[in-house]
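Participant: show me how the following folds:
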Amino acid sequence: MLASGDLWAGAEVMVYQLASGFVTMPEIKLCVVLLNDERLAKELRKLGIEVHVIAESQNSFLSIARILNELVAIYSPDIIHSHRYKENVLALLTKKVNRRIRLISTQHGMPELAGKDQGISARLRAWLFFRLLSSFFDRTVLVSEEMSRSLVGSFGFSSENVNVIHNGINLPDKCTQQSNKIITQKRITVGSAGRFSPVKDFSLLVESAKMVIAQNHMVDFVLAGDGPERLMLEEKVRDAGIQDHFIFLGHQNDMDAFYNKIDIYINTSVHEGIPMSVLEAMSHQLPVIVPKVGGFVEIVEDGVHGYLVDNRNPLMFADRCIELLSDKKKRRRMAEAARQRVMDNFSRETMANQYYQLYQQLLNST
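Facilitator: Have a look, this model is predicted:
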């Protein structure tokens, strides 16, 4: 498996969960190659997984490719499973030297330029990237059916070279503290998490929070994460006059503790595949409020596990928040249904088994 490992974001969490699932499968001998010796590398080593780091901060692209080829010569893998742009190119260069290797890439989301006027160069890069996958990889895994509908029939993708495998996670222990909080506490906390980048659209969250707080002073909003838009978002919070009710937590190493301290999880992304953060929130027995875009409709049934918001009007998100804030029984019912949904459909064991079946299928094909 080949990944960057620079952040601890959706792709890294998915790699960790998939590798964790493979640990219990003796049929798979796993070696992970990362380009950064950060949290993902440390977490994988704790599982006893063999990890090699080719530091991109210390090596040129050609040096990384050379060292990767040396590792491939030693381990002689059947499959290279890569994630993200640079790693896909490295995997392809490796196959040019070792043609028997099967290449698989997981596409975790659509490019952030989707639906935006990003200019010719950005769109050309996206076109070249998708063409690389469709032309030279044995299979591209998409994490949602919505992504499949968007890509199949374009850029050379077909139903023959694309698979949909939903992300999966390991469920935490039963979260009884969530039910207890609903009964006993007066203040309610709405939380969200992610990289502060345009595709997450946390500006919409701030606008919605202002509307909610105007009607209910017993609610607080907390936002975990960091990124290039942090200063802008902090200024928006101050301009809205809600700084006493809106807390920036920064990067969180213990996300279990984060989820256990909130009552409702909200996501305002412009697009997502199958976001790990929403699956994690649901597994921690939290009702979720999410936009009706991307793979959200494959996770959340509106009115059952939370709410799907049909447009990007902050008032619509605020109204759904206010509805849950005022109805304890509904919050509890949705919270329990959300956890059951992840347990039944989005476990890491299910994900790992589906990838293993795909590996077998490719190795058995001519």
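Participant: how is the protein divided into domains?
Facilitator: Each domain of the chain is listed here as a residue range: 2-169+347-364, 176-345, per automatic domain parsing.
Participant: for the last one, what is the average pLDDT?
Facilitator: For domain 176-345, mean pLDDT is 93.
Participant: same thing with stretch 13-32?
Facilitator: Confidence over stretch 13-32, taken as the mean pLDDT, stands at 96.
Participant: and what of stretch 93-100?
Facilitator: Confidence for stretch 93-100, expressed as mean pLDDT, is 83.
Participant: report the distance from it to the chain centre.
Facilitator: Taking the mean C-alpha point of stretch 93-100 and that of its whole chain, the gap between them comes to 29 Å (C-alpha atoms, centre = their mean, to the nearest Å).
Participant: who touches it?
Facilitator: Here stretch 93-100 makes contact (C-beta atoms under 8 Å, 6 or more residues apart in numbering) with 65, 68-69, 72-73, 80, 101, 103, 136. C-beta coordinates here come from the backbone N, C-alpha and C atoms, glycine included.
Participant: list the contacts of residue 227.
Facilitator: With contacts defined as C-beta under 8 Å, 6+ apart, the neighbours of residue 227 are 195-197.
Participant: if we can go back for a sec, could you flag which of the contacts of stretch 93-100 are buried?
Facilitator: Applying a neighbour-count criterion of 16 or more other C-beta atoms under 10 Å, the buried members of these are 65, 68-69, 72, 80, 101, 103.
Participant: residue ranges of the strands in the chain, please?
Facilitator: Listed in chain order, the strands found in the chain under DSSP state E are 2-3, 31-34, 50-53, 79-83, 102-107, 139-142, 162-164, 188-193, 219-224, 246-250, 264-266, 288-291, 306-309.
Participant: which neighbouring elements make contact with the first one?
Facilitator: Using 3 or more C-beta pairs under 8 Å, 6 or more residues apart in numbering; DSSP states H and E as the contact criterion, the neighbours of strand 2-3 among helices and strands are helix 10-23, strand 31-34, strand 79-83, helix 85-97.
Participant: which among the ones you listed is found nearest to residue 215?
Facilitator: Proximity to residue 215 (C-beta to C-beta) singles out helix 10-23 among the helices and strands packed on strand 2-3, at 32.3 Å.
Participant: that closest one to helix 85-97, inter-axis angle?
Facilitator: Angle, helix 10-23 to helix 85-97, by axes from the mean of the first three to the mean of the last three C-alpha atoms, to 10 degrees: 50 degrees.
Participant: how about helix 10-23 as PDB, C-alpha atoms only?
Facilitator: Provided in PDB are the C-alpha atoms of helix 10-23 (Å, rounded to 0.1, in the frame of the first residue of the first chain):
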ATOM      1  CA  GLY A  10     -10.000  11.200   5.600                       C
ATOM      2  CA  ALA A  11      -7.600   9.400   3.200                       C
ATOM      3  CA  GLU A  12      -5.100   8.600   6.000                       C
ATOM      4  CA  VAL A  13      -7.900   7.400   8.400                       C
ATOM      5  CA  MET A  14      -9.200   5.200   5.600                       C
ATOM      6  CA  VAL A  15      -5.700   3.700   5.000                       C
ATOM      7  CA  TYR A  16      -5.400   3.000   8.700                       C
ATOM      8  CA  GLN A  17      -8.800   1.400   9.000                       C
ATOM      9  CA  LEU A  18      -8.200  -0.800   5.900                       C
ATOM     10  CA  ALA A  19      -4.700  -1.800   7.100                       C
ATOM     11  CA  SER A  20      -6.300  -2.600  10.500                       C
ATOM     12  CA  GLY A  21      -8.800  -4.900   8.800                       C
ATOM     13  CA  PHE A  22      -6.000  -6.700   6.900                       C
ATOM     14  CA  VAL A  23      -4.100  -7.500  10.200                       C
END
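Participant: list the contacts of that helix.
Facilitator: Helix 10-23 is contacted from outside by 1, 3-5, 28, 30, 32, 39-40, 43-44, 47-49, 83-84, 106, 108-109, 143, 167-170, 273, 275-277, 280, 348-349, 351-353, 355-356, using C-beta under 8 Å, 6+ apart.
Participant: same thing but at 7 Å, please
Facilitator: When contacts are defined by C-beta atoms under 7 Å, 6 or more residues apart in numbering, helix 10-23 is touched by residues 1, 3, 5, 28, 30, 32, 40, 43-44, 47, 49, 83-84, 108, 167-170, 275-276, 348-349, 351-352, 355.
Participant: just the buried residues of these.
Facilitator: Buried by 16+ other C-beta under 10 Å: 1, 3, 5, 28, 30, 32, 40, 43-44, 49, 83-84, 108, 167-169, 275-276, 348, 351-352, 355, out of the contacts of helix 10-23.
Participant: and the gap between the residue lying closest to residue 286 once chain neighbours are set aside and residue 92?
Facilitator: The shortest distance from residue 286 to any residue other than its chain neighbours is 4.6 Å, reached at residue 265 (C-beta to C-beta, 6 or more residues apart in numbering). Counting by C-beta to C-beta, to the nearest Å, the gap from residue 265 to residue 92 is 38 Å.
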